[in-house]
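> Got a sequence here, can you model it:
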Amino acid sequence: MALRIEIDDLSRPAVQALLQEHLADMHAQSPPESVHALDLDRLRHPDITFWSVWDGDELVGCGAVKRLDATHGELKSMRTPRARRRRGAGRAILAHAIAEARARGWTRLSLETGTQPGFVPARTLYAQAGFVECGPFGDYREDPHSVFMTLALG
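Residues are numbered from 1 along each chain as shown. The predicted structure is shown next:
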């Protein structure tokens, strides 16, 4: 699969639909106070870079990084459509985000994900990429529904 990853302005209907699916899924799996997924407006923040992943004209995934400070970033909004899972798009966007974090001179990339069974594939993907569990970072607090992970980029 030859994938194209591009910076996205979040204006295309396919991207908006995928993010709606993402938000709906997060709310279906976690209590409202434990949903940390960002909506379209918050993903347009200047400290966030959002990418879409395409196989030809088909949207196969998305992901973003948020600058927390000069050396630390956060992975956000990782999503692959249900019908396209386990075909490499998630790994591709994760590798792209890690490479971009390194290119920006960040020394650490962190993320928050859920503890529920539906999040096991995501946690497995992150662990395979070298992320390890850590404590809350940024504005996060301990939450029984959250797993925090980080990757040293040294």
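
> So which residues of this structure form helices?
13-29, 40-43, 89-103, 120-128 (DSSP state H).

> so which of those helices is the most packed in?
Comparing the helices of the chain by mean neighbour count (mean count of other C-beta atoms under 10 Å), helix 89-103 comes out on top with a mean of 19. Every residue, glycine included, has its C-beta placed from N, CA and C.

> May I ask you to name the longest strand in this structure?
In the chain, assigned by DSSP state E, the strand with the most residues is strand 58-67.

> Now do that one: which elements does it pack against?
Judged by 3 or more C-beta pairs under 8 Å, 6 or more residues apart in numbering; DSSP states H and E, strand 58-67 is in contact with helix 13-29, strand 48-55, strand 72-79, helix 89-103.

> what packs against the helix or strand of the chain with the lowest mean pLDDT?
Least confident element among the helices and strands of the chain, by mean pLDDT, DSSP states H and E: helix 13-29 (a mean of 89). Judged by 3+ C-beta pairs under 8 Å, 6+ apart, the packing partners of helix 13-29 are helix 40-43, strand 58-67, strand 72-79.

> picking up where we left off before, can you lay out the helices of the chain as JSON lines showing distance to residue 142?
Listed next are the helices of the chain as JSON lines, based on distance: least, C-beta to C-beta, whole Å:
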{"stretch": "helix 13-29", "distance to residue 142": "19"}
{"stretch": "helix 40-43", "distance to residue 142": "23"}
{"stretch": "helix 89-103", "distance to residue 142": "25"}
{"stretch": "helix 120-128", "distance to residue 142": "17"}
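
> Would you tell me which of these gets closest to residue 49?
helix 89-103 (7.1 Å; C-beta to C-beta).

> measure the residue nearest to residue 100 when sequence neighbours are not counted to residue 153 for me?
Leaving aside its chain neighbours, residue 100 sits nearest to residue 65 (6.3 Å; criterion: C-beta to C-beta, 6 or more residues apart in numbering). Using C-beta to C-beta, to the nearest Å, residue 65 is found at 12 Å from residue 153.

> again, but for residue 11
In this structure, residue 11 and residue 153 are 31 Å apart, going by C-beta to C-beta.

> what's next to stretch 139-146, contact-wise?
Outside stretch 139-146, the residues that touch it by C-beta atoms under 8 Å, 6 or more residues apart in numbering are 30-31, 33-34, 36, 112-116, 135-136, 148.
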